[in-house]
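Peer 1: Sequence plus the predicted model coming up.
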Amino acid sequence: MISREAIVRADKAHVWHPYTAMGRYVVDAAPLVLERAEGSYLVDVDGRRYLDANASWWVAVLGHGHPRLVEALRRQAERMPHVALAGITHEPAALLAAELAAVAPPGLGRVFFSDDGSTAVEAAMKMALHYRHLRGERRRRFVALDGAFHGETLGCTSLGGVELFRRPFADMVVECVHAPSPGSGEDSGGARALEAMIELVEAEGESIAAVVVEPLVQGASGMRVYPASYLAELARTCRAHDVLWIADEVFTGYGRTGTMWACERAGVSPDLLCTAKGFSGGMLPMAATLVSERVFAPFLEGDATFHYGHSYCGNPLGAAVAREVLAVFREERVLDAIQPRCRAIAEAFERFRGLPGVVRTRSLGMIGALDLTEGSGYLGTVGWRVYEEARRRGAWLRPLGDTVYVTPPLTISSDELDELLAIVEASVRAIAS
């Protein structure tokens, strides 16, 4: 087997890493060099095991290498790895769409496939704009929240409310108005943010194509949690003013908030819903945009065509695995099984509120987060000290600046979760000593 040193040498000579200051990385980094991943663990080339505290950027909802997903991938690979979906259909894509519609929030019966969260949101944006065009309307603007993150494509960058990510491309994006975040620390309960959003939609609704939100949790901006009542009132306001609303459930869907979809907690259905990450269980790039009949109806008239798609749209491998993910959720009763672990995370992060150096904590479902400073944002450095401590103790705990959080696989065992939460506590205590 190739040595750790040879792997790192090739990596530093050729790989451009995401969200990484490459100048410092090439000179100073001692990266984790992984050999395999299994269950809740990452295993390096020396055989050391690390609990995967964020499910590898939130995708491995059923853990790494779930045997049913591996077998589904193997079976499909032997039959038909890939065909185009334009004018062609096949069992994995057709049945996945039907099964996804069956578990979606009510009214979302049409499914458009793509390959990751960014493209799922990009497709939703284009659908909203095309819908307006087919209706002869000039509604071209979008509304998103301060601190929003919806992906990496240029359209999604337009929606971004994390200025650090948006700034280099600010003069190249579509028009987006950013409304106050209901999850900001200064707005307990989101009342002021809701008032501002309602005023915006009421005053400018005739120019707005769609409002785009991450339901209940703004992930990349620091796990900002906000109440379901905000989402319910947003849905009511958008409907009253004929403004589409798009739920970006790329992170929050598939059990992360304790229910299949975060929208369920508010009892609302969006006009469009985007899903990825856990959608294929972390096995393959695969995503979907779910659409209501209201939005789909104009595309059934005459020769109306949504001129958009990807080479791997509806890829049979991804579709077969995504079907098996849904089967595991059904047959292994995943959403019921996680409830004790949701409570354990909530209790732990409530307790962490008393740790030295902790400014605030919060939790929702299988998410727990704490802030170590006030307002330092994504570039904060204190969280990275916790990361180093956790790595020494056997956990991969990549922070969001000075926000330290856990979003483990939904299938993490109670003992593994207890160990992970103990590592978080010990690591936070260590940097305060």
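Peer 2: That came through fine.
Peer 1: Check whether the closest residue to Arg75 other than its chain neighbours sits in a helix, strand or coil.
Peer 2: Nearest non-adjacent residue to Arg75, counting by Cβ to Cβ, 6 or more residues apart in numbering: Ala320, 7.1 Å away. Placement of C-beta: from N, CA and C, glycine included. Judged by DSSP: H, G, I helix; E, B strand; the rest coil, the three-state class of Ala320 is helix.
Peer 1: ok, Ala320 - contacts?
Peer 2: Listed by Cβ atoms under 8 Å, 6 or more residues apart in numbering, the contact set of Ala320 reads 72-73, 75-76, 92.
Peer 1: just curious, which of these is nearest to Ala288?
Peer 2: Pro92 (12.7 Å; Cβ to Cβ).
Peer 1: hang on, isn't that closest one packed against Arg75?
Peer 2: No: contact criterion Cβ atoms under 8 Å: Pro92 and Arg75 do not qualify, at 10.3 Å.
Peer 1: all helices of the stretch 151-300 of the chain, in order?
Peer 2: With DSSP state H, counting those that start in this stretch as the criterion, the stretch 151-300 of the chain has helices at 154-159, 163-166, 191-204, 228-240, 263-266, 293-296.
Peer 1: Ramachandran angles for the closest residue to Val70 other than its chain neighbours?
Peer 2: Excluding the flanking residues, the one nearest Val70 by Cβ to Cβ, 6+ apart is Met283, at 7.8 Å. Here is the backbone geometry of Met283 (degrees, to the nearest 10): phi -90, psi -40.
Peer 1: From what I see, Met283 and Val321 are in contact.
Peer 2: Yes: if you go by Cβ under 8 Å, Met283 and Val321 touch, sitting 4.8 Å apart.
Peer 1: Counting neighbours, go ahead and name the busier of the two.
Peer 2: With neighbours defined as other Cβ atoms under 10 Å, Met283 and Val321 compare such that Val321 has more, 27 against 24.
Peer 1: In contact with that one, which residues?
Peer 2: Val321 sits next to 69, 72-73, 76, 280-281, 283-284, 286 when contact means Cβ under 8 Å, 6+ apart.
Peer 1: Please repeat the previous calculation with a cut-off of 6 Å.
Peer 2: 69, 72-73, 280, 283-284 (Cβ atoms under 6 Å, 6 or more residues apart in numbering).
Peer 1: Same question for Ala93.
Peer 2: Ala93 is in contact with 314, 319, counting by Cβ under 6 Å, 6+ apart.
Peer 1: So which residue is smack in the middle of this protein?
Peer 2: Phe251 (2.1 Å; Cα atoms, centre = their mean).
Peer 1: mind checking the backbone torsions on the nearest residue to that residue once chain neighbours are set aside?
Peer 2: Nearest non-adjacent residue to Phe251, counting by Cβ to Cβ, 6+ apart: Gly219, 4.4 Å away. Gly219 has phi and psi values of phi -70, psi -70 when expressed as degrees, to the nearest 10.
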